[in-house]
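Participant: model the structure of this input:
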Amino acid sequence: MKNVVLAIYDEELDYAAHLADYLGRKEGRFSETRIFTNEKSLKDFLEHHSIDLLLVAEVLFQKNREWNNVKQLVLLSEGTMVAEELIEQTSIYKFQSAENIRKELNEIYALNERPQGRNKKEGEQVRVIGTFSPCGGSRKTVFSIRLGEILAKKKKVLYLNLECFSGLSRQLYENSMEGISELLYYIREKNIALLQKIESMICKMGAVNTIPPVNHFRDLMEITDDDVDAIMGELKGSAIYDYIILDLGYFHISTFRWLSWCDILFLAGGEDKLSVEKKKTLRHYMQMEGREDLWERFYDIRIPNIKNMTEEKILEIEHEKPMNQLAEEIQRQVVNL
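Facilitator: Numbering: from 1, shown residues only. Okay, the predicted model is just below:
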């Protein structure tokens, strides 16, 4: 994600400093934030530098609406109603939570700045990794996140949790207001700039980029092949990420579509009799659907147990030696092929 030079132009220093401090502490595109409380200092800065996004207090905006070297200008409105002469100016409500302001700025920026894919070297490609299991308690989510963190040491990684019951709270996703449920809604809006919308939803989970999971299981059950193709086509085509990890936790006709997009497939489960029988049933279902080709591509893995697993421990999983060894071994032998 590109770092954005954001500036706040407001005579209320305490307000500007509080907002800048919050944005600076949150991982994301607005980590470089500057404050200006008078016109001269802002003009002096703009003589030699450019600003990607300039937030201007309403009273100051009415005094001067033209700024050189500013890509986007956003009005900090002090009321819920914007003056008629300012109605066409992009604006956000000043006196809302800093987190809501951050989310709105993300969306404003993303919708006006198409994310730039990187020019990959010859032989490089976006690789999609899928993890799936018909067995309960397979620990594939913990494994997927840990594998993502290992890959993120050198590459850019996007993790998508596609489970009915992710077990991951919104706190782990920086209390993001929008996630995959909202993304599925936007897909069906024909005029939406989908890739920009996806990028506006991105938040950090440790070193890994992610989008919050669905709000309701029905959202997964209603996914169509076209929905999957729209999401994956944008993500792979943009080449923004080196690896996309799909943590699949529901079985539906669209599951086959997600699996079809994967370059590498992991099937997690134990070696006990019940787990073996569940895998046999899964293979039978795939044969009936004419998708045994997907079954043949699975790498069968057994993920070690972790005692007293909690949400807080997910991002500290590198201290769990057996899990760490498995993820690193798979990264060396399979993912880097």
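
Participant: now do the helices in this protein.
Facilitator: Along the chain, counting by DSSP state H, helices occupy 13-25, 39-46, 58-61, 98-112, 140-151, 180-187, 194-201, 217-221, 225-238, 253-260, 273-288, 292-295, 321-330.

Participant: mean pLDDT added to those helices, as TSV?
Facilitator: Output for the helices of the chain, formatted as TSV (pLDDT from 0 to 100):
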stretch	mean pLDDT
helix 13-25	89
helix 39-46	91
helix 58-61	84
helix 98-112	76
helix 140-151	87
helix 180-187	86
helix 194-201	80
helix 217-221	88
helix 225-238	88
helix 253-260	91
helix 273-288	90
helix 292-295	89
helix 321-330	67
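
Participant: how about CSV for those, with distance to residue 7 and mean neighbour count added?
Facilitator: All C-beta atoms are positioned from the backbone trio N, CA, C, and that covers glycine. Below are these laid out as CSV (distance: least, CB to CB, whole Å; neighbours: other CB atoms under 10 Å):
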stretch, distance to residue 7, mean neighbour count
helix 13-25, 9, 15
helix 39-46, 7, 14
helix 58-61, 12, 18
helix 98-112, 12, 18
helix 140-151, 33, 23
helix 180-187, 29, 18
helix 194-201, 20, 20
helix 217-221, 38, 15
helix 225-238, 28, 17
helix 253-260, 41, 19
helix 273-288, 54, 14
helix 292-295, 50, 15
helix 321-330, 41, 16
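
Participant: possible to save those as CSV with distance to residue 166?
Facilitator: Below are the helices of the chain laid out as CSV (distance: least, CB to CB, whole Å):
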stretch, distance to residue 166
helix 13-25, 25
helix 39-46, 44
helix 58-61, 41
helix 98-112, 20
helix 140-151, 7
helix 180-187, 10
helix 194-201, 15
helix 217-221, 10
helix 225-238, 17
helix 253-260, 15
helix 273-288, 20
helix 292-295, 23
helix 321-330, 18
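
Participant: to residue 131, which of the ones you listed lies closest?
Facilitator: Smallest distance to residue 131 across the helices of the chain (CB to CB): 4.5 Å, for helix 140-151.

Participant: the closest one packs against which elements?
Facilitator: strand 127-132, strand 157-163, strand 208-211, strand 243-249, strand 264-268, helix 321-330 (3 or more CB pairs under 8 Å, 6 or more residues apart in numbering; DSSP states H and E).

Participant: next, the angle from that helix to strand 127-132.
Facilitator: Between the axes of helix 140-151 and strand 127-132, defined by axes from the mean of the first three to the mean of the last three CA atoms, to 10 degrees, the angle is 160 degrees.

Participant: let the chain start at 28 from now.
Facilitator: From this message on, residue numbering opens at 28, which makes the last subject helix 167-178.

Participant: and residue 272, which of the helices of the chain is closest to it?
Facilitator: Among the helices of the chain, the nearest to residue 272 by CB to CB is helix 167-178 (5.1 Å).

Participant: can I get the closest one in CSV, CA atoms only?
Facilitator: Extracted in CSV, the C-alpha atoms of helix 167-178 (Å, rounded to 0.1, in the frame of the first residue of the first chain):
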residue,chain,number,x,y,z
LYS,A,167,-5.8,-24.1,9.4
THR,A,168,-6.6,-20.5,10.3
VAL,A,169,-3.7,-20.2,12.7
PHE,A,170,-1.5,-21.9,10.1
SER,A,171,-2.7,-19.7,7.3
ILE,A,172,-1.9,-16.5,9.3
ARG,A,173,1.5,-17.8,10.3
LEU,A,174,2.4,-18.7,6.8
GLY,A,175,1.3,-15.3,5.7
GLU,A,176,3.5,-13.6,8.2
ILE,A,177,6.6,-15.6,7.1
LEU,A,178,5.9,-14.7,3.5
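
Participant: fine, thanks again, bye for now.
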